[in-house]
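Undergrad: Using only what follows, build the 3D model:
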Amino acid sequence: MVKPVRRIVAGNDDSGKAVALSDGPSPDVRTDPARPGFAATRVWVTEETPARTRGIRETLDLPHTLEPPRNGSVFRYVEFPPEAGYIDKITQADVTTYFESMGSPGASTGGEGAPHPYMQKTQTFDFCYILEGEITLVLDKEEVDLAEGDTVVQRGSSHAWSNRSDKPCIVIMSSHDAVDGAA
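TA: Numbers count the residues shown, from 1 in each chain. Model prediction:
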């Protein structure tokens, strides 16, 4: 059972006073049948930087992709279940279906010889916070064990998230459009 993520959208009313424009569960939740208990809840999307604060009441009608819109950002709450019960059963077809359902079929970097079936790479700059539990960040050449309170700055590298514990792990992710290249 996926836990709903309460989302409060605050802004200003017509008189310029701060109010809660909406309060309820985020309606954009994606699951992965091959990973029972996995849920990626999209909370908010921006289409430009700097983002507009007036006149926008909802953004989840924008196309769903792992990557944010060009010059934009996307904020997600992701629950990773313990993978011991399913990881050995994952097929390439399962992975392909997942990335297609997330709107980013080209993001997958997994396959034969990859360190994890759900390896991915996007042209993004991501800030990740381990809110609850433990997880391993799998990179091409190494792995990093993470625990509640740890942070990751992910800069467009191929990676996967592997929950090898016996409890779910929740990761908060803020992804921003990025370019690959020197400054």
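
Undergrad: quick check, residue 165 in a helix?
TA: No. Under DSSP: H, G, I helix; E, B strand; the rest coil, residue 165 falls outside any helix and is assigned coil.

Undergrad: Share the number of residues neighbouring the nearest residue to residue 18 once chain neighbours are set aside, please.
TA: Nearest non-adjacent residue to residue 18, counting by Cβ to Cβ, 6 or more residues apart in numbering: residue 12, 5.8 Å away. Yep, even glycine has a C-beta here, placed from its N, CA and C like the rest. For residue 12, the count of nearby residues is 12 (other Cβ atoms under 10 Å).

Undergrad: On the three-state scheme, residue 48 is what?
TA: coil.

Undergrad: right, and it touches residue 62 too?
TA: No. Residue 48 is not in contact with residue 62 according to Cβ atoms under 8 Å; the separation is 11.8 Å.

Undergrad: circling back: which residues does the residue nearest to residue 18 contact?
TA: 18-19, 54 (Cβ atoms under 8 Å, 6 or more residues apart in numbering).

Undergrad: now do residue 173
TA: 75-78, 126-129.

Undergrad: if you set the cut-off to 10 Å instead, what comes out?
TA: 40, 43, 66, 74-78, 124, 126-129, 152, 154, 161 (Cβ atoms under 10 Å, 6 or more residues apart in numbering).

Undergrad: from those residues, which would you call buried?
TA: 40, 43, 66, 74-78, 124, 126, 128, 152, 154, 161 (16 or more other Cβ atoms under 10 Å).

Undergrad: out of those residues, which one sits closest to residue 103?
TA: Relative to residue 103, the closest of the buried ones among the contacts of residue 173 is residue 66; by Cβ to Cβ it sits at 7.0 Å.
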